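S.K.: let me see the structure of the following:
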Amino acid sequence: MLALLFNLKQNLLNHLIFVLISFFLVSLSGCSKEEDAINPLLLKTSPLTDIKHYSAIAGGEIISEGSTPIIQRGVCWSESMNPTIADNKTNDGIGAGIFSSTLSGLKSKTTYYVKAYASNNTETSYGNEISFTTFSMLFSTIVGADGYSFALSEDGFLWAWGHNYAGQLGDSTLINKDAPVFIGSGFVKVASTDGHTLAIKSDNTLWAWGKNIYGQLGNGVIELNNNIPQQIGSDFIEVATGDFHSLALKSDGTLWVWGRNDKGQLGDGTLVDKTSPIQVGPGYEKIAAGERFSVAIKTDRTVWTWGNNFYGQLGDGTFVDRNLPFKIGDNYEKISVKRRHCLGLKTDGLLLAWGDNNFGQLGDSSIVKKNMPVEIGVDFNEIAAGETHSLALKTNGELMAWGQNLNGQLGDGNFSLKNTVSPKLIDASFTKIAAGYGHSIGLKNDGTIWVWGYNNYSQLGIIDLGVVWNTPIKLEIN
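M.R.: Predicted coordinates for the structure are as follows:
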């Protein structure tokens, strides 16, 4: 009987031990499965960087991978919320750590949602969701200068290409660019001439870069050049660049000037150069600058000029320089200046021109310089003066061009030693225009950029140096 009780007790004890061991093994197995799982709290999506119109850099961090190795990691994205690897994904390696990659093939001006992901043998886990929007490829502003160009997209992204000997492109180098390069974001205005550039950001801060041998950057010093944009001031709304001097308007209508002043182009009553902005007067609304002279429109629509007058570019009926602003007309809406001649547009659409005319760039059917405004035509609404040629848009959308055409800058399909001395119809699909030193740029109503003319420094944004285009060709910015 005692033996029977002993055996029963032993069996119960063995069974209890078996149960305890089984429970321990099950619990251990359960812990292993928990460890195999990827804890979402240990998987993070990193903020996106280098966002463009067609790509962005995305990534994440895996702090811990658990007991089962991570065999794939990366980011996934979609135009809809809660993206998964079934949408779009990158493969950025294995294991824990920080990773990143480029999302390519994106659409411009589109919102995307991104998550980091990690996969082991049993599951895929996702990090936090981040959204971003690619920028627009519709452009609002174009600038043609001497061997280089700028374009500003409608959401403030600035691009530049061409000659860069003084760092005027603002990409931190002195290397010419044969295709558009991205300079920065947040810009609303840009102007550039003869190697120096001014720009205004959306917060009304003024930035400058490029050549600075006369203090035309306004940073208080004389230097060979500066290839990095630097802030000069605040509360500015308009900028204009001459060959070695600069103009800017503040929101209160005051005009500020700096740089070279040997011909009185600063309009401060002296011939002394200025390396920092100085105020010269109130009541201004629009500004332009050429080779050692300046032009401005006041809020009452009067137009004022000052500086060098060798070619009659002041339009005051003389060839005498002035170091103070002088009124030359009324009812002006727009002005455009490049080098030594001026175009002026009145409020009723009447186009006038004055100054140098050795290539017929005034459009008055002659090659004789004019020291007073002469009437060119009616029904115009956009104007652009180049070095030796001119462009204008009529109210019906027609693009007219005249002046020198040696490099096809008129866009009429010809190269000619003979100057075009009166406006010639070129196209009927442009909404904005810009003229440089031997090249031209146009914006079409779909926001695309078209270029033509001289390309010796890739100022057209096309790699084929020295090749010229005598008809507009679409510029691809990638």
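
S.K.: from now on I want contacts and neighbour counts done on CA atoms only, so please keep to that.
M.R.: Noted.

S.K.: can you pull out the helices in this structure?
M.R.: Assigned helices in the chain, in chain order: 2-36 (criterion: DSSP state H).

S.K.: and the residue nearest the centre of it?
M.R.: Leu158 (0.9 Å; C-alpha atoms, centre = their mean).

S.K.: the strands in the stretch 351-478 of the chain, which residues?
M.R.: Counting by DSSP state E, counting those that start in this stretch, the stretch 351-478 of the chain has these strands, from start to end: 351-355, 370-377, 380-385, 389-394, 399-405, 416-427, 430-435, 439-444, 449-453, 469-475.

S.K.: what comes into contact with the fifth one?
M.R.: Right, strand 399-405. Strand 399-405 is contacted from outside by 359-363, 388-394, 410-411, 414-430, using C-alpha atoms under 8 Å, 6 or more residues apart in numbering.

S.K.: quick one, which of these are buried?
M.R.: Neighbour-count burial (16 or more other C-alpha atoms under 10 Å) applied to the contacts of strand 399-405 gives 359-363, 388-394, 410-411, 415, 419-427, 429-430.

S.K.: by mean pLDDT, which helix or strand of this protein comes out lowest?
M.R.: For the chain, using mean pLDDT, DSSP states H and E, the weakest element among its helices and strands is helix 2-36, scoring a mean of 42.

S.K.: just to check, Leu460 is in contact with Tyr454?
M.R.: Yes. Leu460 sits in contact with Tyr454 when judged by C-alpha atoms under 8 Å, with a separation of 7.5 Å.

S.K.: adding mean pLDDT and distance to Ser108, write the strands of the stretch 351-478 of the chain out as JSON lines.
M.R.: As requested, the strands of the stretch 351-478 of the chain are arranged in JSON lines below (pLDDT from 0 to 100; distance: least, C-alpha to C-alpha, whole Å):
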{"stretch": "strand 351-355", "mean pLDDT": "98", "distance to Ser108": "38"}
{"stretch": "strand 370-377", "mean pLDDT": "98", "distance to Ser108": "40"}
{"stretch": "strand 380-385", "mean pLDDT": "98", "distance to Ser108": "28"}
{"stretch": "strand 389-394", "mean pLDDT": "98", "distance to Ser108": "29"}
{"stretch": "strand 399-405", "mean pLDDT": "98", "distance to Ser108": "29"}
{"stretch": "strand 416-427", "mean pLDDT": "94", "distance to Ser108": "28"}
{"stretch": "strand 430-435", "mean pLDDT": "97", "distance to Ser108": "21"}
{"stretch": "strand 439-444", "mean pLDDT": "96", "distance to Ser108": "18"}
{"stretch": "strand 449-453", "mean pLDDT": "97", "distance to Ser108": "16"}
{"stretch": "strand 469-475", "mean pLDDT": "95", "distance to Ser108": "16"}
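
S.K.: would JSON lines of the ones you listed with distance to Gly344 be doable?
M.R.: Formatted as JSON lines, these follow (distance: least, C-alpha to C-alpha, whole Å):
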{"stretch": "strand 351-355", "distance to Gly344": "5"}
{"stretch": "strand 370-377", "distance to Gly344": "8"}
{"stretch": "strand 380-385", "distance to Gly344": "8"}
{"stretch": "strand 389-394", "distance to Gly344": "11"}
{"stretch": "strand 399-405", "distance to Gly344": "15"}
{"stretch": "strand 416-427", "distance to Gly344": "15"}
{"stretch": "strand 430-435", "distance to Gly344": "15"}
{"stretch": "strand 439-444", "distance to Gly344": "19"}
{"stretch": "strand 449-453", "distance to Gly344": "24"}
{"stretch": "strand 469-475", "distance to Gly344": "25"}
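
S.K.: can you list the buried residues in stretch 328-345?
M.R.: Counting neighbours by 16+ other C-alpha under 10 Å, stretch 328-345 gives 329, 332-345 as buried.

S.K.: what's the spacing between Lys286 and Asn227?
M.R.: Distance, Lys286 to Asn227, using C-alpha to C-alpha, to the nearest Å: 27 Å.

S.K.: which residue packs closest to Thr471, ignoring adjacent ones?
M.R.: Ranked by C-alpha to C-alpha, 6 or more residues apart in numbering and with sequence neighbours excluded, the top spatial neighbour of Thr471 is Gly411, at 4.3 Å.

S.K.: would you list the phi and psi of the one you found?
M.R.: Summarising the backbone geometry of Gly411 under the convention degrees, to the nearest 10, its torsions are phi 80, psi 20.

S.K.: ok, back up a step: any residues in contact with both of Leu460 and Tyr454?
M.R.: Common neighbours of Leu460 and Tyr454, using C-alpha under 8 Å, 6+ apart, are His439.

S.K.: count the neighbours of Asp50 for me.
M.R.: A total of 9 residues lie near Asp50 under the criterion other C-alpha atoms under 10 Å.

S.K.: how about the nearest residue to it, chain neighbours excluded?
M.R.: In this structure, Asp50 finds its nearest non-sequential neighbour in Ala56, 5.4 Å apart by C-alpha to C-alpha, 6+ apart.

S.K.: go on, Leu425?
M.R.: Here the nearest residue to Leu425 in space, its sequence neighbours aside, is Met400; by C-alpha to C-alpha, 6+ apart that works out to 4.6 Å.
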